[in-house]
Structures are given as C-alpha cells and as structure tokens.
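In: Got a predicted model here, sequence first, then my questions.
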Amino acid sequence: MASTELEQTQSERTPTQAIDPAEEPSVEWGWHGSFPKGIQIAGWFSTFAMVMMLIGNHQGLLSGGGSPISADIWLIAIALGMAIALIYDLRRRRVSWRR
C-alpha cells in the first residue's frame, strides 16, 4: 500500500532521535525554565537598594538638603517603575493558571 502525502509530511516532521545529553547536559536534570522566585527576590532587593540610595553623601531631599535634586527624582522614578513591574509580574503569574 502506498503512503499518502499527509503521512509522508508527518513522518518528516517527527524527530528521529531524542536530545542527546552530551549536547545539552541540562536535559538530564530538567533545567529548561525560568527562576520566578529569584526574579522577584532580586527585583525587590534592587528596588530597596534604589530607595536606600536616597540616603547618601549628596545633598538631596532625605540627606539634609532642602529640595529634591534630579538624582533623587531619577532614583524615585526608577524604583517606582521597578515596583510597578514587579507587582504586575506577580499578578500576572497568579492569574495565569486560570486562563
């Protein structure tokens, strides 16, 4: 019996062998993902570090100066942006299993 064109194209798509562990050693222990808890921890630590940079040796708002300087505004804006991104990421991960 002759094979159809559909069967031929499907057999061409299927891999003939599995991934060789010598080429990708991580296949043996299954590391093909992300590190979501580490991303959150590092992100919140970085956000905290940005806010702590407001207290330093420059004369900004929290360091004894009378008014905020551009460095303070940048630090606050970047820390706020990072916090919003981390909260969005946390929210997205919590509801992703529902979809």
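Out: It's in.
In: Quick check: Trp44 touching Asp89?
Out: No. In this structure Trp44 lies outside contact range of Asp89 using C-beta atoms under 8 Å: 11.0 Å. In this view, the C-beta of every residue, glycine as well, is placed from N, C-alpha and C.
In: what is in contact with these two at once?
Out: In terms of C-beta atoms under 8 Å, 6 or more residues apart in numbering, Trp44 and Asp89 are not both contacted by any residue.
In: Now tell me what touches stretch 80-88 from outside.
Out: The set of residues external to stretch 80-88 that reach it, using C-beta under 8 Å, 6+ apart, is 40, 43-44, 46-47, 50.
In: buried sites along that stretch?
Out: Within stretch 80-88, the residues that qualify as buried by neighbour count (16 or more other C-beta atoms under 10 Å) are 82-83, 86.
In: Could you save those as JSON lines and add columns showing distance to His58?
Out: Formatted as JSON lines, the entries for these read as follows, by distance: C-beta to C-beta, whole Å:
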{"residue": "Met82", "distance to His58": "21"}
{"residue": "Ala83", "distance to His58": "22"}
{"residue": "Leu86", "distance to His58": "26"}
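In: What's the separation between Ile69 and Tyr88?
Out: For Ile69, the distance to Tyr88 under the criterion C-beta to C-beta, to the nearest Å works out to 29 Å.
In: Oops, could you answer that again for Gly38 instead?
Out: Counting by C-beta to C-beta, the separation of Gly38 from Tyr88 is 18 Å.
In: before we move on, what about Ile78?
Out: Distance check for Ile78 against Tyr88: by C-beta to C-beta, it reads 16 Å.
In: Check Ile39 too.
Out: Ile39 is 12 Å from Tyr88, where distance means C-beta to C-beta.
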